[in-house]
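>>> The following comprises the amino acid sequence and a computationally predicted model.
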Amino acid sequence: MAPVVLVSPDVRNFQGYDWHAAPATYLEATLSRAGAMPLILPAFGERIDLDAVLDRVDGVLCTGSRSNVHPARYGVVPTAAMEPFDEARDATTLPLIRAAIRRGIPLLCICRGLQELNVALGGSLLSEVQEEEGRMDHRAPDSDLQEARFAIRHPVRVAAGGCLGRILGAEAVDVNSLHRQAIGHLAEGLVVEALAEDGVIEAVSVRDAPGFVLGVQWHPEYWAATDGPSGAIFEAFGAAARARAAARG
Ligand SMILES: N[C@@H](CCC(=O)NCCCC(=O)O)C(=O)O
């Protein structure tokens, strides 16, 4: 029986409704490469009985998003330039991340998800990283083609002896990049698993976590079907979810 993985929700307004949704690329990679059934969790924030939900699943996936974590979540005054926000998503994912880690439920955090992981544990974010001296431009290429926007285009150095290194079996990996924020102050307990050449933190894990926890700033979901390192990340997440499902009985 396939394990079940909760997927974080974005709240979008379309055709006069608010939709709680997630991009199909994450759902497809979860089913096809992790071998788990994705279920989108509504962005009901504090109204969610997290223990009741987490009793019934085997993993949590926090996806990327064009929205930014609200800066008040890490003690920064918001500005219009830091928009768009998705406060319903923040209110859902930040406690979800803390509960999943505490309960040892496998957790994979991608792009915004990595930033949420850092904020959920007390860290902060940098904005407009490309404007900082010595930093690369990590934003998506300006294109109408998703294949161009998600193109794999820069190397990251993988920390020796870490969980990402064990998953990838490599000291470096080429990744895509679609972000203008990044980890600023690294939360207590987070371990750097990969760095870009300009020092941007590209992957983290949680020291002494009771279960699988990996955050990546890039997008392995997009090429999970064809790119070895991308698929390996989802396969490792799926293996952890299957182990959780077996233990749940
Ligand atoms: N908004 C944050 C997080 C970046 C992120 O999750 N990007 C995915 C965007 C997907 C797309 O552009 O289609 C940041 O900018 O750092």
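Sure thing, it's come through.
>>> residue boundaries of the strands in this protein?
4-7, 10-14, 17-21, 37-40, 59-62, 107-110, 125-126, 154-158, 172-175, 182-183, 190-196, 201-206, 213-216 (DSSP state E).
>>> Out of the ones you listed, flag the one nearest residue 91.
Of all those, strand 10-14 sits nearest to residue 91, with 10.2 Å by CB to CB. Every C-beta, even on glycine, is put in place using the N, C-alpha and C of the backbone.
>>> can you give me the angle the closest one makes with strand 17-21?
Put simply, strand 10-14 runs at 150 degrees to strand 17-21, going by axes from the mean of the first three to the mean of the last three CA atoms, to 10 degrees.
>>> returning to what we had before: would you turn the strands of the chain into JSON lines with distance to residue 30 and mean neighbour count?
JSON lines is the format used below for the strands of the chain (distance: least, CB to CB, whole Å; neighbours: other CB atoms under 10 Å):
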{"stretch": "strand 4-7", "distance to residue 30": "5", "mean neighbour count": "22"}
{"stretch": "strand 10-14", "distance to residue 30": "16", "mean neighbour count": "14"}
{"stretch": "strand 17-21", "distance to residue 30": "15", "mean neighbour count": "12"}
{"stretch": "strand 37-40", "distance to residue 30": "4", "mean neighbour count": "17"}
{"stretch": "strand 59-62", "distance to residue 30": "6", "mean neighbour count": "29"}
{"stretch": "strand 107-110", "distance to residue 30": "9", "mean neighbour count": "29"}
{"stretch": "strand 125-126", "distance to residue 30": "25", "mean neighbour count": "19"}
{"stretch": "strand 154-158", "distance to residue 30": "23", "mean neighbour count": "18"}
{"stretch": "strand 172-175", "distance to residue 30": "19", "mean neighbour count": "18"}
{"stretch": "strand 182-183", "distance to residue 30": "24", "mean neighbour count": "24"}
{"stretch": "strand 190-196", "distance to residue 30": "21", "mean neighbour count": "20"}
{"stretch": "strand 201-206", "distance to residue 30": "19", "mean neighbour count": "25"}
{"stretch": "strand 213-216", "distance to residue 30": "14", "mean neighbour count": "26"}
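>>> how about those in JSON lines, adding distance to the ligand and mean pLDDT?
Converted to JSON lines, these look like this (distance: least, CB to the nearest ligand atom, whole Å; pLDDT from 0 to 100):
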{"stretch": "strand 4-7", "distance to the ligand": "14", "mean pLDDT": "98"}
{"stretch": "strand 10-14", "distance to the ligand": "10", "mean pLDDT": "97"}
{"stretch": "strand 17-21", "distance to the ligand": "13", "mean pLDDT": "98"}
{"stretch": "strand 37-40", "distance to the ligand": "16", "mean pLDDT": "98"}
{"stretch": "strand 59-62", "distance to the ligand": "10", "mean pLDDT": "99"}
{"stretch": "strand 107-110", "distance to the ligand": "7", "mean pLDDT": "99"}
{"stretch": "strand 125-126", "distance to the ligand": "8", "mean pLDDT": "98"}
{"stretch": "strand 154-158", "distance to the ligand": "15", "mean pLDDT": "98"}
{"stretch": "strand 172-175", "distance to the ligand": "13", "mean pLDDT": "98"}
{"stretch": "strand 182-183", "distance to the ligand": "7", "mean pLDDT": "98"}
{"stretch": "strand 190-196", "distance to the ligand": "13", "mean pLDDT": "98"}
{"stretch": "strand 201-206", "distance to the ligand": "12", "mean pLDDT": "98"}
{"stretch": "strand 213-216", "distance to the ligand": "11", "mean pLDDT": "99"}
